[in-house]
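Participant: coordinates only, sequence not included:
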Ligand SMILES: NCCC[C@H](NC(=O)CCN)C(=O)O
């Protein structure tokens, strides 16, 4: 059968499961679970995949990650990725319930195509990857060798816009603790060393330096501890900061400038400072390398389903933050397109959490699922494409 015929098979299979896919996203949305605690989500998704005829390895290799496979002879190993972790307080405000739906939907479509094809097409691997919002599940899975037998990986992400080529930056997170000395704030303030002043000074240092940041750099922080009572000079204050830049080398420069801000604030106030990299396997979220051959295939398939994309230059202006998919994109050719769910609020807002449970979001997710399935079918059906994708990957990762 031709790739075009197999795509029709995939689309029909996804349409047949439309209601079940909607229910999966709704269940996840109603039960938001935080990083590495996504036990119900893990069970929901693995039970469904098993019922649909996939070979499922639960809790592989982490308690809330999984691997599900379906193969039809020799050929490339295509990996579709699900995320399902939520954010504290605001639930599925990044729409990972929809990412899971899209991954499962694509898997249903690809499996139907593999079953229908009379020739060897390859293998499908579905990975459930926890803790994208902090904790870097995919980084751990890369380190565990999960992607060693994968040829191509893809996932999609809901957002306010359609962009298969959006910028996704390298990021590192730090926890900063200032230690001072407590004293009665009225009786003997001169005996104290004010850790909150150090934290405030550091915050101001960074905000002042911001004028000299490149427009593409991002630095943002919060105060997580700032004293216990107004009449006690705070002897401890804590900050959390995240730094981002388009490349690892720029991120190193930015990180050093900001560390200087913390250290100088400590020196000015007489505090001690401890700056700890919020270690994710000793690594950080790396910028995404989009494989352009895959991007083109995905865009053409999505366009055939009615999606319109802005120009590449406009897409590159869009910035979704950072993702551990960046680390996957360093070990296998990957894409991470975003798709519009027509929301008034951006990712990580309460408005987005509401938008992530609508019928409209589900409809857009089904289109993204079909686009992934069709892209996998394109690749599985063409040896030439497989070679070109691999060559581009080698060139882009050896720079
Ligand atoms: N510590 C990692 C945070 C990742 C987070 N990712 C996103 O918002 C994008 C999609 N979920 C971020 O802050 O960039």
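Facilitator: Nice, I can see it. If you're wondering where the values come from, they're calculated on a predicted model, not measured in any experiment.
Participant: Quick one: classify residue 176 as helix, strand or coil.
Facilitator: Using DSSP: H, G, I helix; E, B strand; the rest coil, the structure places residue 176 in strand.
Participant: tell me the secondary structure for the nearest residue to it once chain neighbours are set aside?
Facilitator: Leaving out its chain neighbours, the residue that sits closest to residue 176 by C-beta to C-beta, 6 or more residues apart in numbering is residue 239, at 4.4 Å. (Each C-beta comes from the backbone N, C-alpha and C, glycine too.) Under three-state DSSP, residue 239 falls in the strand class.
Participant: Who are the contact partners of residue 239?
Facilitator: Residue 239 is in contact with 175-176, 178, 199, 202-203, 221-224, 262, counting by C-beta atoms under 8 Å, 6 or more residues apart in numbering.
Participant: what about it, distance to residue 83?
Facilitator: 28 Å (C-beta to C-beta, to the nearest Å).
Participant: still on that earlier bit, okay, and the beta partners of the residue nearest to residue 176?
Facilitator: For residue 239, the beta-bridge partners are residue 176, residue 223 (DSSP bridges).
Participant: Please list only the buried members of the contacts of residue 239.
Facilitator: Neighbour-count burial (16 or more other C-beta atoms under 10 Å) is assigned, among the contacts of residue 239, to 176, 178, 199, 202-203, 221, 262.
Participant: Could you identify the most distant pair in the residues you listed?
Facilitator: Greatest spacing in these, by C-beta to C-beta: 178 and 221 (13.0 Å).
Participant: Could you pull up the mean pLDDT of stretch 87-99?
Facilitator: Averaged over stretch 87-99, pLDDT sits at 98.
Participant: do it and the ligand meet at all?
Facilitator: Yes. Stretch 87-99 comes into contact with the ligand (C-beta under 6 Å from any ligand atom), by way of residue 94.
Participant: Pull out the buried residues from that stretch.
Facilitator: Buried positions in stretch 87-99, judged by neighbour count with 16+ other C-beta under 10 Å: 87, 91-99.
Participant: Run through who's touching it.
Facilitator: 25-26, 28-29, 32, 34, 81-86, 132-133, 155-159, 341, 347-350, 352-353, 355-357, 361-362, 365.
Participant: Closest to residue 184 out of the contacts of residue 239?
Facilitator: For the contacts of residue 239, the nearest to residue 184 is residue 178 (19.7 Å; C-beta to C-beta).
Participant: So the nearest residue in space to residue 234 that is not next to it in sequence versus the ligand, what's the distance?
Facilitator: Nearest residue to residue 234, sequence neighbours excluded (C-beta to C-beta, 6+ apart): residue 227, at 3.2 Å. To the ligand, residue 227 is 27 Å away according to C-beta to the nearest ligand atom, to the nearest Å.
Participant: Name the SS class of residue 219, please.
Facilitator: Taking three-state DSSP, the label given to residue 219 is strand.
Participant: beta partners of it?
Facilitator: Assessed by DSSP bridges, residue 219 has beta-bridge partners residue 243.
Participant: Residue of the stretch 201-350 of the chain nearest the ligand, please.
Facilitator: residue 321 (2.6 Å; C-beta to the nearest ligand atom).
Participant: Please apply the same query to the stretch 101-250 of the chain.
Facilitator: Using C-beta to the nearest ligand atom, the single residue of the stretch 101-250 of the chain nearest to the ligand is residue 134, 4.3 Å away.
Participant: what's near enough to touch that residue?
Facilitator: Counted by C-beta under 8 Å, 6+ apart, residue 134 has contacts 35, 173, 278.
Participant: Now, the residues you listed that are in strands?
Facilitator: residue 173 (DSSP state E).
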